[in-house]
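J.: Okay, sequence plus prediction incoming.
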Amino acid sequence: MTQSTSANGIVSKARLTELSVEALCALGLNRTDATDAATILVLADLFGLRTHGTSRIESYGSRLRIGGINPTPSITSEQVGPALYRLDGDNGVGPLVGFRALKLAMKAAREQGIACVFVRGSNHFGPVSPYSYMAAAEGFASIIGSNATTTIAPWGGTDARLGNSPVGFGVPNPGGRPFILDMAISVAARAKIRNALKRGEAIPGDWATDAQGKPTTDPKAALDGFLLPIGGHKGYGLALVVDLLAGLLSGAAYLTHVKSWENEPDQPQNLGHFYILIDVAMLGSGAWLAARMADYAAILHGSAPADPNAPVIVPGEIELDRLDRQMADGIDIGAAQLAMLEAAARPQS
């Protein structure tokens, strides 16, 4: 039986949404904005992406309290081409700005068949997969990305000059589960390294280097050093592509112009995002797409696994399994995070 709250940190979607909205309202957001932002963060927790879900309200709050994020942004957009838009987030909370950009992109793609929205004036917007999932649920294929605080050295360099630039892809499936791929360009996110440090655990040697550029398993040394990109120099190039789209072309900050979340928390980051959406209904019927997506998954699932205990999966299946399970049994956010949200949502005297 699903519980609304519990001592072990398992909470229903409704209760987690309520707590998140109340916590964001207590930080100065109006209820509509708080609800939009909470939609993204709760979905992240449903996917099991706890480092990028409602736990982020604590760090968002730290910056909101000192003026690093605007709690009451005036989010504006303009159409600059037949299917091309710009959106200015006015330094609002990232998931709020991202949610509004997604809504604009879906409306425009429905009208034009395809749409691209460039976003500036934003902040950390959570993981990409909630946006890809919501787009797929409405019948849109998507490519969505964001730039980030500098954590990666240029290939062959010795100081951080680019971010891990998350990017995601989604393809809807009228007959079943969508394809969803959400990836940072670094091998691991800094949040995972911070969590390892809190637990007193070592990290894999391919996650990061120390300040001298030497691979390390020490999470403290890694946080003082640099993240490693996936695929070596190829990952470095891919990170630059995402930053060019999300930062440079959007009019947002890029590379070292992005303000540090940790070192300059009172300064607007001016992060940028991009949303490219395609209305697949204009390419064929739902039955046509469903049949092709089913065949696509069957080809991949039909490969005999090298490890019998690890069958071949299609990207997104793990997250969607967690979503189904946690919708039924409650969302496991941990007792400490639940206590944080309950305290943040409590009316201030």
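T.: Yep, it's here. Just so it is clear, the model here is predicted, and its values are computed rather than measured.
J.: C-alpha only now, for contacts and for neighbours.
T.: OK.
J.: for this protein, longest helix please?
T.: In the chain, with assignment by DSSP state H, the single longest helix is helix 94-112.
J.: Now that helix: buried residues?
T.: By 16 or more other CA atoms under 10 Å, the buried positions in helix 94-112 come out as 94-102, 104-110.
J.: and of those residues, the nearest to residue 256?
T.: residue 94 (19.2 Å; CA to CA).
J.: How confident is the prediction for the closest one, by pLDDT?
T.: Residue 94 carries a pLDDT value of 98.
J.: which residues in this structure form strands?
T.: In the chain, the strands defined using DSSP state E lie at 10-11, 76-81, 84-88, 114-122, 140-146, 167-171, 179-183, 208-209, 226-227, 271-279, 331-332.
J.: Apart from its neighbours in sequence, what residue is nearest residue 186?
T.: Excluding the flanking residues, the one nearest residue 186 by CA to CA, 6 or more residues apart in numbering is residue 229, at 4.1 Å.
J.: Contacts only, for the most centrally placed residue in the chain.
T.: By CA atoms, centre = their mean, the chain has its centre lying nearest to residue 127, at 1.2 Å. For residue 127, the contact set (CA atoms under 8 Å, 6 or more residues apart in numbering) comprises 44, 49, 52, 53, 166, 182.
J.: My guess is the third one contacts residue 46. True?
T.: No: checked against CA atoms under 8 Å, the pair residue 52 and residue 46 is beyond contact range at 11.1 Å.
J.: and residue 337, how many neighbours?
T.: 18 (other CA atoms under 10 Å).
J.: which residues touch it?
T.: Per CA under 8 Å, 6+ apart, neighbours of residue 337: 9, 55.
J.: Please tell me how far it sits from residue 76.
T.: Distance from residue 337 to residue 76, counting by CA to CA, to the nearest Å: 33 Å.
J.: ok, now residue 132?
T.: From residue 132 to residue 76 the distance is 22 Å (CA to CA).
J.: neighbour count winner among those two?
T.: residue 132 (28 against 13).
J.: ok, back up a step: tell me which of the contacts of residue 127 is nearest to residue 215?
T.: Checking the contacts of residue 127 against residue 215 with CA to CA, the nearest one is residue 166 at 22.0 Å.
J.: Leaving out the residues flanking it, which one is nearest to the closest one?
T.: In space, and not counting its chain neighbours, residue 166 is closest to residue 184: 4.0 Å by CA to CA, 6+ apart.
J.: do residue 54 as well
T.: In space, residue 54 is closest to residue 41, 5.0 Å off (CA to CA, 6+ apart).
J.: Count the neighbours of that neighbour for me.
T.: By other CA under 10 Å, the burial measure for residue 41, its neighbour count, is 29.
J.: so it makes contact with residue 51?
T.: No: using CA under 8 Å, residue 41 is not in contact with residue 51, being 10.1 Å away.
J.: the more surrounded of residue 52 and residue 46?
T.: Shown here are residue 52 and residue 46; by other CA under 10 Å, residue 46 has more neighbours (27 against 21).
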